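S.K.: quick one, fold the following:
(4 chains)
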2 protein chains.
Amino acid sequence: MTDAATPKSKLELNDFLCFALHSTALAIGRANKPMLDKIGLTYSQYLVMVVLWAEDNRTVSSIGDKLFLESNTLTPLLKRLEALGYVRRSRDTADERQVRISLTEQGRALREKACAAHPDWIDRAFGGDMAAVQELKDRVIAIRDRLKTAEG
Amino acid sequence: MTDAATPKSKLELNDFLCFALHSTALAIGRANKPMLDKIGLTYSQYLVMVVLWAEDNRTVSSIGDKLFLESNTLTPLLKRLEALGYVRRSRDTADERQVRISLTEQGRALREKACAAHPDWIDRAFGGDMAAVQELKDRVIAIRDRLKTAEG
DNA sequence: AGCGATTTAATCGCTCACGATCTATTTGTT
DNA sequence: AACAAATAGATCGTGAGCGATTAAATCGCT
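M.R.: Numbers count the residues shown, from 1 in each chain, chains lettered A, B, ... in the order given. Prediction:
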């Protein structure tokens, strides 16, 4: 199980790729930690905020569609964001099954803090080659979406 | 926060890549679930077994080095693998600070089951282009290792 | 040999991912 | 109008991941 080893079978290749993506996802989480500590959010909370900064007043499941998560994960997380004062949770008056998540003034303001706290790991890892970042992102997403459509 | 959108700043690019890796790691975990259910392990437990199949009788921290995890995560996980009968945990007689993790007969036998339960998602996602898988793995690992060396 | 520093695991508390289940609301059918 | 089916969230239990702390063994220095 050395990174440099050449896998002999598809099973091993699967193992290696799983391992690579797993450990890299963890490493990126850690790389973002200094920034997240500055703004006082966890990684997942931050991703929810990114989704809301892009489009406010979403339903829980709309956020879930973006992040590939469901209410069992999101509900407690959103309650924590509410407790922190960054979002409001309120039942949709037209359809009370839905809960609308909207940014508070503080929640909107946090975006500026996040910009200021700017993580630098992308530069460290890519030496400024933003095209390479973009390409990697596209490839990774391509895998995810092929898994998504083919699952079941 | 649409995947196809073109990010305008480094912060946004960071957000997109984090998001891509995060959601893809989750998707791969889900893609492996059918195989993991067959052999009765979680994803992390499986990765630990992969490490042990490659080299038996490791210390906790040696496993941690491979998986980028520490004893706070591994100790409970290894206790669960022990309870399942796949590994033994015993203090190293020469240095009692260390705990040696060794495979049981059942633990070794599980490898055959894992081979038989073979996940098919790699084929689905790559259409048999194993060279592409290898290349992606290498790129992903390159990021991780640059983060690892540059952190702090 | 003695004692402080280091190393290795274990423990605790919190957050998150997720399967399974439950409740409340809405929709569709008759 | 009444009632079954579908939908949106919430809840619960388990297994991670991780920061902080603790306990025990070993190492290093005098």
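S.K.: for chain A, where's the lowest mean pLDDT among helices and strands?
M.R.: Every helix and strand of chain A was ranked by mean pLDDT, DSSP states H and E. The lowest is helix A:121-126, at a mean of 84.
S.K.: need the longest helix for chain A.
M.R.: When chain A is parsed with DSSP state H, its longest helix is helix A:10-39.
S.K.: next secondary structure after that helix?
M.R.: Later in the chain than helix A:10-39, the nearest helix or strand by DSSP states H and E is helix A:43-54.
S.K.: now that following helix: average pLDDT?
M.R.: The average pLDDT for helix A:43-54 rounds to 97.
S.K.: that one vs DNA strand D: in contact?
M.R.: No: using Cβ under 7 Å from any atom of the strand, helix A:43-54 stays clear of DNA strand D, coming no nearer than 8.7 Å. Using the backbone N, CA and C atoms, a C-beta is placed for each residue, glycine as well.
S.K.: before we move on, the earlier item: now the longest helix of chain A against helix A:43-54, angle please.
M.R.: Between helix A:10-39 and helix A:43-54, the angle comes out at 70 degrees (axes from the mean of the first three to the mean of the last three Cα atoms, to 10 degrees).
S.K.: flag the shaky bits of chain A, pLDDT-wise.
M.R.: Chain A contains residues with pLDDT under 70 at A:1-8, A:149-152.
S.K.: would you mind listing what in chain A touches DNA strand C?
M.R.: So far as Cβ under 7 Å from any atom of the strand goes, chain A lies against DNA strand C at A:42-45, A:68-70, A:72-73, A:76-77, A:80, A:94-97.
S.K.: most widely separated two among the residues you listed?
M.R.: Spanning the widest gap among the residues of chain A next to DNA strand C are A:43 and A:94, at 33.2 Å by Cβ to Cβ.
S.K.: kindly report the domain assignment for chain A.
M.R.: If you go by automatic domain parsing, the domain ranges for chain A are A:10-117, A:120-152.
S.K.: gap between the longest one and the chain center?
M.R.: Domain A:10-117 has its C-alpha centroid displaced from the chain centroid by 6 Å (Cα atoms, centre = their mean, to the nearest Å).
S.K.: in this structure residue A:67 contacts residue A:45, no?
M.R.: No: with contact defined as Cβ atoms under 8 Å, residue A:67 and residue A:45 do not form a contacting pair (11.1 Å).
S.K.: who's in contact with stretch A:130-143?
M.R.: Applying Cβ atoms under 8 Å, 6 or more residues apart in numbering or on different chains, the contact partners of stretch A:130-143 are A:21, A:122, A:126, B:3, B:7, B:10, B:13, B:16-17, B:20-21, B:23-24, B:27-28, B:125-126, B:136, B:139-140, B:143.
S.K.: that concludes my questions; thank you for your assistance.
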